[in-house]
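>>> Okay, predicted coordinates and the sequence, questions at the end:
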Amino acid sequence: MATVGKDATSLGTTAPTMSPDLIMQVPEGVPAREMSYQEAIREALREEMLRDERVFLIGEDIGVHGGAFGVTRTLFDQFGPERVRNTPISENTIAGAATGAALVGMRPVAEIMFVDFSGLAMDQIANQAAKLRLMTGGQCKVPWVIRMPQGGGAGKSTAAQHSQSLEVWYAHIPGLKVVHPSTPYDAKGLLKAAIRDDNPVIFLEHKFLYAFRGLVPEEDYVLPLSQCDIKREGEDVTVVALGYMVWHAMAAAQTLADEGISVEVVDVRTVSPLDEETIGRSARKTGRVVLVAEACRSYGPTGEWGMVVMEQAFDYLQAPVVRVTGRNSPIPFADSLENGVWPDTDDVVNAIRRVME
Amino acid sequence: MATVGKDATSLGTTAPTMSPDLIMQVPEGVPAREMSYQEAIREALREEMLRDERVFLIGEDIGVHGGAFGVTRTLFDQFGPERVRNTPISENTIAGAATGAALVGMRPVAEIMFVDFSGLAMDQIANQAAKLRLMTGGQCKVPWVIRMPQGGGAGKSTAAQHSQSLEVWYAHIPGLKVVHPSTPYDAKGLLKAAIRDDNPVIFLEHKFLYAFRGLVPEEDYVLPLSQCDIKREGEDVTVVALGYMVWHAMAAAQTLADEGISVEVVDVRTVSPLDEETIGRSARKTGRVVLVAEACRSYGPTGEWGMVVMEQAFDYLQAPVVRVTGRNSPIPFADSLENGVWPDTDDVVNAIRRVME
Amino acid sequence: MEVSRDTLLEMYRRMVRIREFELAAMDLFKRGQVKGAVHPYIGQEASGVGVCMALRKDDLIAGTHRSHGHNIAKGADPKKMMAEILGKETGYCKGRGGSMHIAAFETGSLGALAVVGSGIPIAVGAALGFKMKGEDRVAVPFTGDGGSNTGNWHEGLNMASIWDLPVVFVLENNRYAVSTNIRYSAKIEDLSIRAQAYGIPGVRVDGFDVLAVYEAAVEAVERARRGEGPTLLVTEAYRFEGHYAGEPEVYRDRAEVQEYRKKDPIPRFRKYLIKEEKASQSELDDVDAEIRQEMADAVKFAQESPQPDPATAMDYIYA
Amino acid sequence: MEVSRDTLLEMYRRMVRIREFELAAMDLFKRGQVKGAVHPYIGQEASGVGVCMALRKDDLIAGTHRSHGHNIAKGADPKKMMAEILGKETGYCKGRGGSMHIAAFETGSLGALAVVGSGIPIAVGAALGFKMKGEDRVAVPFTGDGGSNTGNWHEGLNMASIWDLPVVFVLENNRYAVSTNIRYSAKIEDLSIRAQAYGIPGVRVDGFDVLAVYEAAVEAVERARRGEGPTLLVTEAYRFEGHYAGEPEVYRDRAEVQEYRKKDPIPRFRKYLIKEEKASQSELDDVDAEIRQEMADAVKFAQESPQPDPATAMDYIYA
Ligand SMILES: Cc1ncc(C[n+]2csc(CCOP(=O)(O)OP(=O)(O)O)c2C)c(N)n1
Ligand SMILES: Cc1ncc(C[n+]2csc(CCOP(=O)(O)OP(=O)(O)O)c2C)c(N)n1
Ligand SMILES: [Mg+2]
Ligand SMILES: [Mg+2]
């Protein structure tokens, strides 16, 4: 069972209940260490800052405080206040400053403390950074990363303004890439790739996953920002999932394996641009598809994925695609109401059973 | 053929090329007048302001200037600067002020000059107004309307920061209602309903439709904010469309009628909450579905609609659902590039032929 | 300014009530009974109470993530507040809001909005509503030093200024925004200067002195009520606790905290009341005891109250 | 301040070039050849030119919807600009940007951003980049009076001030934001006062006097280059034309416009040059003629250039 690391979030953490063995990504024999998702992110930042002096961090309370979730802890001591740069509370200007710095050759990695606050930065992200390259006819590029924690689960009960999953806001905007890793391995490899990418990348981190642990290779590696990742191969049904939901999908797959149902789990991982190929291929193979996302159901990511399945695999489908999603509700505070707001393993199991009928 | 009214937009207008006869909504015998979409909106505002003194308008340059598109023209003269209230350039505060005024019993109708600028107001719309009712356990309600023109076509060539269709940003947020009418009749009836509704309503107006004319009843009427509207009944194929795209769908339907293809056109009209019933019923009837939206394809509205078809009508589908959407690109300025950015009638015709194969 | 004995005692009572509420909340948090975050107002009681005692019940405040104190200062019932932070159906927000979002419309608190600065535009809109309806009510958004750097703040003060809206913008300068000292995040020491950008009065008072705050607030509120427009009121304060309960405070010296704790507004006011013979030691002891009992009752009430029924999950999303 | 004859003549040349460019653009617009909107800079030439002549080529400006003038002032080529506003592949942005989005990185213009205020954070970030890289370059975002009411403006000035970033914030007060007079949208007459909110210098100059603007800009730029931080430079100006070409201007009297037109910066500067014997009437006439020819060439170049190839529609979305 996973243990909660010292880097549990500042806002309190409920111990993860998933076993890290559910997802093993480092091949046997490759030197690796176990670390948390949060440590993996921190390591990616550290390594990229060492590798490239143009990389710097900018955001609220990321300095000595180490950020609201402690992700940047120790980096301030190592790199100092210029490269781990605290800002006033000014989300739009953090994003815009990242764009400006990127335009003159820097490689900013900005942090917006919660994705919920990114509504304040929407103009700079979606109207300026995403469009500058096209608007200027290719005269410039905007190589930044904006890191934003999202999702429920930082000790839970963070209520309506600190718990949302908003990947769709950004995935709908051409010019942006949107990434949301589910494991320490992916988090490190994708973040390093995002920092080296020449485009503005929205890098969403899942708050509840920060304390999740897993193996990460010792050597330098990057992962492509263009591929869904098959986390588990299977024959009977495809589960397409994102972020923390990948863990529920994996747990559901394990549960159902005992019943002889072979589940393939596709981790979307890069929300946009979407790897339609991989989703399509898996759907054609199994003919049965479940989509799982934590975001609110309506106009959430599962719509797009479902439509892609429709386009790529309609003739192969043996049952309607089923989705398992967050409730269409602002997130309530009380446990009794919050509990039902997000999907869990049982919900995924039930959905799989439904498409198997 | 439609003529361009005097209320053509301030930013220039290309003459509409669609015949108003494509959509006739007023039953024979009901007293009605022909007016433009823009006049219909203005009339709705005027009538509601006369009916209820709590209704007032707030936004940039809506006073003597009449707004960027002239929608509020003459209202300033009639109602004065208190009730047609010009603001500084402060989108987030316009939205927030609407919320505050609504909380103390007013009925604000705010205008954000272009939906593109609403990224600046996202926090107040999506994090505050949409959630206040739930967050306060029902202690309050936020009865406002925010009007925002969207879409391409105001003289076209308004480029990347003045041409977007962003209904999905808002439709994904529970607590908001999102409306986007396609005709003068709908615009008037839906806007009046939105103003009388006790929830925050995002009322999207299509810039290119402002000059479109059609019949509007003389008597007071409202339309429900909960229903898709069947603009044309048909047997062979369902086209689900939104906003200006409804006209392309109607034109396509007319073209194909000559070939003996009977097209049903479902105007989504209220984007959220979505009337899944009507879409499902039509899809089950025809078994073939085309989805048409002007917004960018990826994570746009067609994903959600397609998934709803999947959920409601899978067993009835005789072909994969096809979508016709805006290109996944920031909107370019030059005609030669802009022309292909949005769907037109031919695209809809071709898509219908495809699902009919 | 002549302040009645009743008012003085009510000030004392509310300050102590805030303090005891926060201590009880932090205690519950430590014992794992409060989920989410608790942002204690301890040390800033004079600011919230000084301001809210200058208000009528039908005046409105807009709060922040740190608004237990503002709510109590405005007259909210600790029972319903405690129930709210425990996520109970009997809470002000029926358990939907929690610590960061306590709204109590019945006592004129239109909500605590946890996105920094977001209460400003809403309060400006409420004031606009008052003005349009011809009501002489006043809207009071609270923000912190950190909040005064947000775009919302600028837009809101500007909009209120041009329409002479009845708003008192209270900027509680407790010197930190999470870990960020205001000396770092603003180039000026006296934040009340910012009022000049909007042609409105900017007033700066000792936020540990409830009477100083009260006097300044009364003046600003009267000005607003007379239709003369908004005021920026900066209360110079300090938060004695971490940003939230349990926060490690790596960004400041204990010595600095100790120094500020000497300014504790409650003992200071207590001394004043006794010295000026407004109340005796034992009267005040009685108040303290009474409020401690009130808080014990509130905790018990909250603990014994039921959580919301999951069947009501879809309530209150749409009106 | 001693200004060389070459500089003076270059100022004149750029002011005339802006004027002629705008007249040509408006003419093309009237003839239906420019789609989208054209926001003429006519009347404000002294502001843009005074500022940009104080800059080095490698300094950066960030523009607005009304930035033909800023680009030309910074040295952009009218040919490529005219081609851009006609949506041609030979334009600065290969026809993707159009009038509202002309960027010319080769001459230090990082783009015209049509969301009011949005250039501010970007310029602040560019200045941060300069500082971190140890370059002594300066970033200059232009905004209007209307722009100074946006949240971006406040956040950006604050952030630049705390880090002493090399930014000169130019606020071109042409008195209107579309139809909204700045006397309505701000309570203060002297917008340079707003600098005090950030502890930085606020300077106000006659925006019809290119030398006054230039002197103030040189000082602000030098200060920035020395690492002493940002300045707010307010140029008091007026736009002689409507908000955009063809805009009806129902919100102001023709008499007001006529009054301001008397201050036209170009004849004024012309007179100055002649009076001070920096240039003769005929030299300046030659400049005028030369630029009119340049503009005729630019129009021809633009008209004859091809539109972008539709096959390239998906270029430049991702790098
Ligand atoms: C827009 C936004 N950015 C960041 C945060 C995270 N956050 C919560 S409280 C806080 C500090 C607020 O400081 P201040 O305004 O001084 O209030 P105080 O906490 O001192 O009462 C921050 C950054 C937030 N809630 N909203
Ligand atoms: C955020 C935003 N709101 C509204 C608009 C529409 N708009 C375009 S220009 C303008 C007025 C700008 O006024 P000012 O800043 O004074 O610049 P000027 O036009 O006078 O040069 C407005 C409101 C916009 N482009 N961006
Ligand atoms: Mg503070
Ligand atoms: Mg202006």
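Done, it's in. Every value quoted in this text rests on a predicted model; they were computed, and no experiment measured them. Ligands and ions are numbered 1, 2, ... in the order given.
>>> show me where pLDDT drops low in the stretch 101-250 of chain C?
Within the stretch 101-250 of chain C, no range satisfies pLDDT under 70.
>>> Without its sequence neighbours, what residue ends up closest to residue 314?
Assuming you mean chain A. Using CB to CB, 6 or more residues apart in numbering or on different chains and skipping residues adjacent in sequence, the residue nearest A:Phe314 is B:Pro320, 3.5 Å away. The C-beta positions use only the backbone N, C-alpha and C, and glycine is treated the same way.
>>> wait, chain C
A:Ser329 (6.6 Å).
>>> Number of residues surrounding that neighbour?
Neighbours of A:Ser329 under the rule other CB atoms under 10 Å in any protein chain shown: 22.
>>> With A:Ala32 instead?
17.
>>> just C:Lys74 next, same as before
Every residue meeting other CB under 10 Å relative to C:Lys74 is counted, giving 25.
>>> Any figure for the gap between the closest residue to it other than its chain neighbours and C:Val3?
Closest residue to C:Lys74 apart from its sequence neighbours, by CB to CB, 6+ apart: C:Cys52 at 4.6 Å. Distance check for C:Cys52 against C:Val3: by CB to CB, to the nearest Å, it reads 14 Å.
>>> Pretty sure C:Ala62 sits against C:Gly119.
Yes - counting by CB atoms under 8 Å, C:Gly119 is a contact partner of C:Ala62 at 3.5 Å.
>>> anything in contact with each of these two?
Overlap of the contact sets of C:Ala62 and C:Gly119 (by CB atoms under 8 Å, 6 or more residues apart in numbering or on different chains) consists of C:111-113, C:141-142.
>>> Quickly note the distance from C:Asp58 to ligand 4.
40 Å (CB to the ion, to the nearest Å).
>>> Need the pLDDT of that residue.
C:Asp58 carries a pLDDT value of 98.
>>> Now it: which helix or strand?
Assigned by DSSP states H and E, C:Asp58 falls within no helix or strand.
>>> Is chain B within reach of stretch C:226-233?
No - Stretch C:226-233 does not reach chain B (CB under 8 Å from any CB of the partner chain); its nearest approach is 13.3 Å.
>>> again with stretch C:111-129
Yes - applying CB under 8 Å from any CB, one finds stretch C:111-129 in contact with chain B at C:111, C:113, C:115, C:118, C:120-129.
>>> Please indicate which of the shared contacts of C:Ala62 and C:Gly119 are buried?
The neighbour count (16 or more other CB atoms under 10 Å in any protein chain shown) marks C:111-113, C:141-142 as buried among the shared contacts of C:Ala62 and C:Gly119.
>>> Return the backbone torsion pair for the residue nearest to A:Phe314.
phi -60, psi 140 (degrees, to the nearest 10).
>>> so it sits right up against A:Val309, yeah?
No - B:Pro320 is not in contact with A:Val309 according to CB under 8 Å; the separation is 9.6 Å.
>>> These two: which is more packed in?
More crowded of B:Pro320 and A:Val309, by other CB under 10 Å: A:Val309, with 27 against 20.
>>> Could you say which helix or strand holds the more buried one?
A:Val309 belongs to helix A:301-313, assigned by DSSP H and E.
>>> any idea of the angle that helix forms with helix B:301-313?
80 degrees (axes from the mean of the first three to the mean of the last three CA atoms, to 10 degrees).
>>> elements contacting the helix or strand following helix A:301-313?
Per DSSP H and E, the first helix or strand lying C-terminal to helix A:301-313 is strand A:322-326. Using 3 or more CB pairs under 8 Å, 6 or more residues apart in numbering or on different chains; DSSP states H and E, the elements in contact with strand A:322-326 are strand A:289-296, helix A:301-313, helix A:345-356, helix B:301-313.
>>> quick one, strand A:322-326 and helix A:301-313 angle?
Going by the same axes, to 10 degrees, strand A:322-326 makes 160 degrees with helix A:301-313.
>>> neighbouring contacts of strand A:322-326?
A:165, A:245, A:289-297, A:300, A:302, A:306, A:341-343, A:347-348, A:351, A:354-355, B:307, B:311.
>>> ok, and of those, which contact ligand 1?
Among the contacts of strand A:322-326, not one lies near ligand 1 by CB under 6 Å from any ligand atom.
>>> Quick one: buried ones out of those residues?
Neighbour counting by 16+ other CB under 10 Å classes A:165, A:245, A:289-297, A:300, A:302, A:306, A:341-343, A:347-348, A:351, A:355, B:307, B:311 among the contacts of strand A:322-326 as buried.
>>> In space, what's closest to C:Phe105 - neighbours in sequence excluded?
C:Phe105's closest residue in space is B:Gln139 (CB to CB, 6+ apart), at 4.6 Å.
>>> so what's the residue of chain A found nearest ligand 3 up against?
As assessed by CB to the ion, ligand 3 sits closest to A:Ile89 within chain A, at 9.6 Å. Listed by CB under 8 Å, 6+ apart, the contact partners of A:Ile89 are A:60, C:116-117, C:146-147, C:149-150, C:177, C:185.
>>> Show me how to select, in ChimeraX, the buried members of those.
Buried residues among those (16+ other CB under 10 Å), as a ChimeraX selection:
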select /A:60 /C:116,117,146,147,149,150,177,185
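>>> Of the contacts of A:Ile89, which belong to helices?
Taking DSSP state H as the definition of helices, the contacts of A:Ile89 contribute C:Ser185.
>>> Which stretches in chain C count as strands?
Using DSSP state E, the strands of chain C run over residues C:60-63, C:109-112, C:139-144, C:168-173, C:176-177, C:180-181, C:202-206, C:231-236.
>>> Relative to ligand 2, how far out is whichever residue of the stretch 201-350 of chain A sits closest to ligand 1?
For the stretch 201-350 of chain A, the residue closest to ligand 1 is A:Lys207, as judged by CB to the nearest ligand atom, at 13.4 Å. To ligand 2, A:Lys207 is 32 Å away according to CB to the nearest ligand atom, to the nearest Å.
>>> Give me the phi and psi angles of the residue of chain A closest to ligand 3.
Dihedral angles (degrees, to the nearest 10) for A:Ile89: phi -80, psi 100.
>>> Quick check, pLDDT for it.
Looking at A:Ile89, its pLDDT stands at 98.
>>> in the stretch 101-250 of chain A, which spans are strands?
Taking DSSP state E, counting those that start in this stretch, the strands of the stretch 101-250 of chain A run over residues A:107-111, A:145-150, A:177-179, A:201-206, A:213-217, A:229-232, A:237-241.
>>> among the ones you listed, which is nearest D:Leu232?
Closest approach to D:Leu232 among the strands of the stretch 101-250 of chain A (CB to CB): strand A:107-111, 25.0 Å.
>>> Perfect, that will be all.
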